[in-house]
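Undergrad: here are the coordinates; sequence isn't available:
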């Protein structure tokens, strides 16, 4: 059974940092694109970032560019999202996803995690 399990969410003050992790199990995602999405209350799910299998290529939503960094450790089958300079508008449930192609920014993924809550207080 394939599972993506996120961790690292929590409550942080504006300007603070958090590091999210997504542990994958049930198969290897070494050749897959992996990424992060978020959904705030009452809003649509939005793309945050994605990284290709080697980690050499990544893409970010304009809203997080320069503040968030996506990375992966294929030896641990784990995806990360380092979030700096957090703002209240970053408050959302953050979920990881995996897909075989470079299409996560379009919302197309084969596997999704359940998500971890990130709350940024002003």
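TA: Yep, it's here. Computed from a predicted structure; not experimentally measured.
Undergrad: now residue 92, nearest residue through space, not along the chain?
TA: The shortest distance from residue 92 to any residue other than its chain neighbours is 3.8 Å, reached at residue 38 (Cβ to Cβ, 6 or more residues apart in numbering). C-beta here means a position set from N, CA and C on the backbone, and glycine is covered the same way.
Undergrad: check which residues of the helix or strand containing the one you found are buried.
TA: Using DSSP states H and E, residue 38 sits within strand 33-39. Counting neighbours by 16 or more other Cβ atoms under 10 Å, one finds that the buried residues in strand 33-39 are 33, 34, 35, 36, 37, 38.
Undergrad: does the second one touch residue 95 like I think?
TA: Right, residue 34. No: with contacts counted by Cβ atoms under 8 Å, residue 34 stays clear of residue 95, the gap being 11.5 Å.
Undergrad: what's the average pLDDT for the strand holding residue 38?
TA: Averaging pLDDT along strand 33-39 gives 97.
Undergrad: who are the packing partners of it?
TA: Applying 3 or more Cβ pairs under 8 Å, 6 or more residues apart in numbering; DSSP states H and E, one finds that strand 33-39 contacts strand 18-25, strand 46-51, strand 68-73, strand 78-83, strand 92-99.
Undergrad: helices or strands up against the third one?
TA: In other words, strand 68-73. Counting by 3+ Cβ pairs under 8 Å, 6+ apart, strand 68-73 packs on strand 33-39, strand 46-51, strand 58-60, strand 78-83.
Undergrad: swap in 10 Å and give it another go.
TA: strand 18-25, strand 33-39, strand 46-51, strand 58-60, strand 78-83 (3 or more Cβ pairs under 10 Å, 6 or more residues apart in numbering; DSSP states H and E).
Undergrad: one step back: common neighbours of residue 34 and residue 95, please.
TA: Here residue 34 and residue 95 share the contacting residues 4, 22, 109, scored by Cβ atoms under 10 Å, 6 or more residues apart in numbering.
Undergrad: and the last one, backbone torsions?
TA: Backbone torsions of residue 109, given as degrees, to the nearest 10, read phi -150, psi 150.
Undergrad: give me the pLDDT for it.
TA: For residue 109, pLDDT reads 93.
Undergrad: so what's the residue lying closest to residue 77 once chain neighbours are set aside bridging to?
TA: Using Cβ to Cβ, 6+ apart and skipping residues adjacent in sequence, the residue nearest residue 77 is residue 24, 4.5 Å away. Using DSSP bridges, the beta-bridge partners of residue 24 come out as residue 4.
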